[in-house]
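>>> model the structure of this input:
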Amino acid sequence: MRNCCIIVAGGSGSRMGSDIPKQFLEIEGIPILMHTIRNFYTFDPTLQLILVLPGNEIESWNELCQKYSFSVHHQVIAGGDTRFQSVKNGLTIAANCELIAIHDGVRPLVSHQTLERCFGCAAENGSAIPVLPVSESVRKGSMSQSVPVCRSEYFMVQTPQVFMSAILKNSYNQPWKPEFTDDASVFESSGNCVELVMGNRENIKITFPEDLLIAELFLNMMPKK
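Down below sits the predicted model:
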């Protein structure tokens, strides 16, 4: 059985100050989303790659693939009104997979070492999510009243989050809840335990204009594949 990666790309360009969806913005000459898909393909060419896009952006994506001669094989499916529903839609076409990874489309810089840790841990333990220790001081509360907390007890969560296929699909059969902030929270809500592995610092989620500059710098530093 092969493994699968569902790449969820439903962001807008609002925080970028752009009319173009952020996953379609260019770094190093091609859209961010193409870097992300290509990164997973070079890690494992046998992966079933599923791209979840807003329905009204699929035609634009197909045009971009033609424009940039992007030939990495992947399937495209329309998402839903929430990330939960978008992942659930992607799961409907994840066929005969042992492990399923779910990844943010605007994280093009996850390292192959992180991917190896995620897939390896999930194969042994049923799940794996990449995290980084918090390196700055942390406070809890509001701008007017707050208290310090112990940063060693907190982690910054990244993607891909990888799970055994059957258990993940069963977890997504439950109704949506407001506390579902990522796939791990859905998985845990069904009574499952989540394993943590070390992520990589370069694996940023491109959200703000300055993130484009940081991602381009990281891309130039990484070994060419």
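
>>> and residue 77, what does it touch?
Taking Cβ atoms under 8 Å, 6 or more residues apart in numbering as the contact definition, residue 77 lies against 50-53, 89-90, 92-93. Bear in mind the C-beta positions are built from the backbone N, C-alpha and C, glycine included.

>>> which of the residues you listed lies closest to residue 33?
Of all those, residue 33 sits closest to residue 51, with 7.5 Å by Cβ to Cβ.

>>> and what about that closest one, helix, strand or coil?
For residue 51, the secondary-structure state derived from DSSP: H, G, I helix; E, B strand; the rest coil is strand.

>>> still on that earlier bit, farthest-separated two in the contacts of residue 77?
Those two in the contacts of residue 77 that are separated most widely, counting by Cβ to Cβ, are 53 and 92, at 14.8 Å.

>>> coming back round to it: dump the contacts of residue 77 to CSV, plus neighbour count.
Shown next, in CSV, are the contacts of residue 77 (neighbours: other Cβ atoms under 10 Å):
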residue, neighbour count
50, 25
51, 22
52, 26
53, 25
89, 18
90, 26
92, 11
93, 14
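
>>> between these, which is nearest residue 215?
Using Cβ to Cβ as the measure, the one of the contacts of residue 77 that approaches residue 215 most closely is residue 51, at 19.0 Å.

>>> tell me the contacts of the closest one?
7, 9, 33, 37, 61, 74-77, 105.

>>> check which helices and strands the lowest-mean-pLDDT helix or strand in the chain sits against.
Within the chain, confidence by mean pLDDT, DSSP states H and E is lowest for helix 209-221 among all helices and strands, at a mean of 91. Helix 209-221 is packed against strand 26-27, with contacts defined by 3 or more Cβ pairs under 8 Å, 6 or more residues apart in numbering; DSSP states H and E.

>>> pull the residues that contact the strand it packs on.
Counting by Cβ under 8 Å, 6+ apart, residues outside strand 26-27 touching it are 32, 35, 108, 212, 215-216, 219.

>>> first-to-last residue distance for stretch 27-36?
Between the opening and closing residues of stretch 27-36 there is a gap of 11 Å (Cα to Cα, to the nearest Å).

>>> would you mind listing the buried residues in that stretch?
Within stretch 27-36, the residues that count as buried by 16 or more other Cβ atoms under 10 Å are 27, 30-36.

>>> closest one of the residues you listed to residue 3?
Once Cβ to Cβ is applied, the member of those that ends up nearest residue 3 is residue 36, at 16.3 Å.

>>> give the contact list for that closest one.
Residue 36 makes contact with 7, 103, 105-108, according to Cβ under 8 Å, 6+ apart.

>>> so it lies in a helix, does it not?
Yes: assignment of residue 36 by three-state DSSP places it within a helix.

>>> contacts only, for residue 139.
Neighbour list for residue 139: 146-149 [criterion: Cβ under 8 Å, 6+ apart].

>>> quick check: bridge partners of it?
Beta-bridge pairing for residue 139 (DSSP bridges): residue 148.

>>> so for it, what's the pLDDT?
Taken from the predicted model, the pLDDT recorded for residue 139 is 95.

>>> ok, it to residue 84 distance?
If you measure residue 139 against residue 84 using Cβ to Cβ, to the nearest Å, the figure is 30 Å.

>>> just residue 159 next, same as before
Taking Cβ to Cβ as the criterion, residue 159 is separated from residue 84 by 15 Å.
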